[in-house]
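Asker: Quick one: sequence plus predicted model below, questions after.
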Amino acid sequence: DTGVSQDPRHKITKRGQNVTFRCDPISEHNRLYWYRQTLGQGPEFLTYFQNEAQLEKSRLLSDRFSAERPKGSFSTLEIQRTEQGDSAMYLCASSFGGPTEAFFGQGTRLTVV
Amino acid sequence: AQRVTQPEKLLSVFKGAPVELKCNYSYSGSPELFWYVQYSRQRLQLLLRHISRESIKGFTADLNKGETSFHLKKPFAQEEDSAMYYCALSGIKQGGSEKLVFGKGTKLTVNP
């Protein structure tokens, strides 16, 4: 599968622990997006990168969330001191030149117990 | 504020019947509108976008700026159309945000 890949696919963690997710975009794509999706809702935007620069962050993204894209390739999303409300599907997408052709990964399902 | 409303959470039709999935949006300028689809156990994928004015898998969607709507239509539904459908908008056309704003989705079931 040469599409967007995310790792891990599932993560169960205890409240208060830190977690990190990885996203590998399609190789020639310069844009990388993170979304969060909870049950019964559509994906909600968290942040996006153009190459290695983080150009926009949602107000949903509290100080406990941080994302990086070193060297403009893969990206990581870290959540510190997880809370039960962080339980969701975290989706990564990539595109070349804007969201009009965004390709999504399978997502990482986070469960905070 | 940017908002996308999909009024139907669930929609059920019989095979061969016409189907229309509703989408209304709120945006102060001229957004780009998209329909994304997620089949069972598959990733979210782009179905179509309004600037392309194309028909994909028999689906079409027309942007109605007066009614701020972008309804998705297919004249004859097939069982393989059963999926979750999300309407989304972006403000990128006017140099706005590149983020996609999604509706809550409509689950379409096509019965045999």
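Answerer: Noted; the coordinates are in hand. Since we're looking at a predicted model, the values are computed, not measured. Residues are numbered from 1 along each chain as shown, chains lettered A, B, ... in the order given.

Asker: Can you classify the closest residue to residue A:16 other than its chain neighbours as helix, strand or coil?
Answerer: Counting by CB to CB, 6 or more residues apart in numbering or on different chains, residue A:81 is the residue found nearest to residue A:16 once chain neighbours are left out, at 5.6 Å. Bear in mind the C-beta positions are built from the backbone N, C-alpha and C, glycine included. With DSSP: H, G, I helix; E, B strand; the rest coil as the basis, residue A:81 sits in coil.

Asker: Contacts only, for the residue of chain B at minimum distance from chain A.
Answerer: Distances between chain B and chain A by CB to the nearest CB are smallest at residue B:102, namely 3.2 Å. Counting by CB atoms under 8 Å, 6 or more residues apart in numbering or on different chains, residue B:102 touches A:42-44, B:4, B:36, B:86-88.

Asker: What separation is there between it and residue B:66?
Answerer: To residue B:66, residue B:102 is 23 Å away according to CB to CB, to the nearest Å.

Asker: next one: residue A:110
Answerer: In terms of CB to CB, residue A:110 sits 42 Å off from residue B:66.

Asker: Tell me which of these two has more neighbours.
Answerer: residue A:110 (21 against 5; other CB atoms under 10 Å in any protein chain shown).

Asker: Just say helix, strand or coil for that one.
Answerer: strand.

Asker: For the closest residue to it other than its chain neighbours, which residues are in contact?
Answerer: Once flanking residues are discounted, residue A:110 sits nearest to residue A:11: 5.1 Å by CB to CB, 6+ apart. Remark: with contacts taken as CB under 8 Å, 6+ apart, residue A:11 is in contact with A:19, A:21, A:108-111.

Asker: could you dump the residues you listed to TSV with pLDDT and distance to residue B:80?
Answerer: Output for the contacts of residue A:11, formatted as TSV (pLDDT from 0 to 100; distance: CB to CB, whole Å):
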residue	pLDDT	distance to residue B:80
A:19	98	36
A:21	98	32
A:108	98	28
A:109	98	25
A:110	98	31
A:111	98	31
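
Asker: I'd like to know which of these are buried.
Answerer: Buried by 16 or more other CB atoms under 10 Å in any protein chain shown: A:19, A:21, A:108-110, out of the contacts of residue A:11.
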